[in-house]
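> sequence and predicted model, in that order:
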Amino acid sequence: MRDLRRLPGTGARHYSPALQMEIRAANERRELALELFADLADEPPKFTLSATDREDPEVVGARIRKALGVTAEEQYGWKDADGRAGFNAWRSRIEAAGVLVFQTVRFSTDEASGFAISADTLPVIAVNRKDPITRRTFSLLHELGHLMLHLSGVSDHETDASRPPEDQKIEIFCNQVAASALVPKDDLLANPLVRQHAKSSVNWSDAEIGELAKRFNVSREALLRRLLTVGMTTNQFYQAKRAQYLSEYAAQQKKKKEEAGEEDMKRNMPQETLSNLGRPLVRVLLGNYYQDRISLSEISGYLGLKVKHLPKLERVVGTR
């Protein structure tokens, strides 16, 4: 795996055991999926999207939207309280393009927001479930950028100057591609709130930022960064707001930990399994099970799910 957070002069960075385990597990799941498709005499979809880091990120972002069939009208319809509808919609489109998308909680968000495993057939994107849902949506598109560049690697969204220049360039490019795919420049500038605001100030209220962020199913920070990119605010205002959002997030995480200690939440294991492994892998596992190519105990082991939960998983996936 190419390490996109390697510091100058330090050589390859050491991954934590948790991150190493998740990379190994993702590779094993990919190999399993390839075998299962072959057993069903079915051809998995080829991943055909590509780009170079010499291209304009705005052009690459538009190419992604066209290839995935995402229109502004559809995206505006993905509205809910926390952005989950947007995440699920982008994920399903990316999976339909031939990518295995996994979620994990094994490693810390401080270490990575996700990683990509490049391949012509069934490449992998893994995102960190410990991140807020809108940040995971950004990670999906960020890692898709890596796959389009044919680069495997562990990455986050930071672009600090401590990275080697070539790695910093890749991270900046993938951030820009993700931002342009999620928030197209023309759509943002055509928004009535943005058009009206252009005549007044480069400062934005929390309500205005929140409204636009919900409109595009992105985080407030990602939206504000996009406003900075298109010249609608200043770096000083962006940095001040970013510090505010980081402080608010830290407080929210602290509160969640305290509440989790007081109350044990009931887990929906079938839904959690589908969320972690994705529909393509779960469907091909069930397909082989229905054709008696793998046993009940085998599919239970592959899914990491008790046999008693399998009927509910079938209903959630829609195969029964």
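Perfect, I can see it now. Numbers count the residues shown, from 1 in each chain.
> from here on, contacts and neighbour counts on C-alpha atoms
OK.
> just the buried residues of stretch 227-242, please?
For stretch 227-242, burial by neighbour count (16 or more other C-alpha atoms under 10 Å) applies to 227-229, 232-233, 238, 241-242.
> do me a favour and get the end-to-end distance for that stretch?
Stretch 227-242 has an end-to-end distance of 13 Å (criterion: C-alpha to C-alpha, to the nearest Å).
> any idea of the mean pLDDT for it?
Taken as a whole, stretch 227-242 has an average pLDDT of 93.
> name the single longest helix found in this structure.
helix 235-262 (DSSP state H).
> show me what that one is packed up against.
Judged by 3 or more C-alpha pairs under 8 Å, 6 or more residues apart in numbering; DSSP states H and E, helix 235-262 is in contact with helix 220-229.
> below-threshold pLDDT in this protein: ranges please.
Residues of the chain meeting the criterion pLDDT under 70: 1-13, 156-165, 199, 260-265, 320.
> quick one: the strands in it?
Ranges of strands within the chain are 2-3, 100-104, 114-117, 124-128, 153-155, based on DSSP state E.
> which of these is buried the deepest?
Highest mean neighbour count of the strands of the chain: strand 114-117, a mean of 28 (counted as mean count of other C-alpha atoms under 10 Å).
> run me through the strand neighbours of it, direction for each.
Using DSSP bridges, the strands paired with strand 114-117 are strand 124-128 (antiparallel), strand 153-155 (antiparallel).
> closest one to Lys255 among those strands?
Nearest of the strands paired with strand 114-117 to Lys255, taken as C-alpha to C-alpha: strand 124-128 at 19.8 Å.
> give me the contact list for the closest one.
With C-alpha atoms under 8 Å, 6 or more residues apart in numbering as the test, strand 124-128 has contacts from 26, 30, 99-105, 107, 109, 112-118, 136, 139-140, 143-144.
> one more: stretch 132-139?
Outside stretch 132-139, the residues within contact range by C-alpha under 8 Å, 6+ apart are 82-84, 86-87, 90, 113-114, 127-129, 156-157, 178-179, 182, 217-219.
> before we move on, back to that, figure out which of the strands paired with strand 114-117 is closest to Gln271.
Using C-alpha to C-alpha as the measure, strand 124-128 is the one of those that comes nearest Gln271, at 16.7 Å.
> got the angle for that closest one vs strand 100-104?
Angle, strand 124-128 to strand 100-104, by axes from the mean of the first three to the mean of the last three C-alpha atoms, to 10 degrees: 20 degrees.
> dump strand 124-128 to CSV, keeping only the CA atoms.
Provided in CSV are the C-alpha atoms of strand 124-128 (Å, rounded to 0.1, in the frame of the first residue of the first chain):
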residue,chain,number,x,y,z
VAL,A,124,-11.8,-1.4,-3.0
ILE,A,125,-12.8,1.7,-1.1
ALA,A,126,-12.9,1.5,2.7
VAL,A,127,-14.1,4.3,4.8
ASN,A,128,-14.0,4.9,8.6
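> so how far is it from its chain's centroid?
Distance of strand 124-128 from the chain centroid (C-alpha atoms, centre = their mean, to the nearest Å) equals 6 Å.
> got it, and stretch 56-64?
Offset of stretch 56-64 from its chain centre (C-alpha atoms, centre = their mean): 17 Å.
> contacts only, for the closest residue in space to His309 that isn't next to it in sequence.
With sequence-adjacent residues excluded and distances taken as C-alpha to C-alpha, 6 or more residues apart in numbering, His309 is closest to Pro270, at 6.2 Å. Pro270 makes contact with 305, 309-310, 312-313, 316, according to C-alpha under 8 Å, 6+ apart.
> just the buried ones from these?
Neighbour-count burial (16+ other C-alpha under 10 Å) is assigned, among the contacts of Pro270, to 305, 310, 313.
> can you give me the helices in the stretch 1-150 of the chain?
Here the stretch 1-150 of the chain has its helices, by DSSP state H, counting those that start in this stretch, at 17-39, 57-68, 72-76, 84-96, 133-148.
> tell me the domain ranges of the chain?
As recorded under automatic domain parsing, the domains making up the chain are 1-182, 183-250, 269-317.
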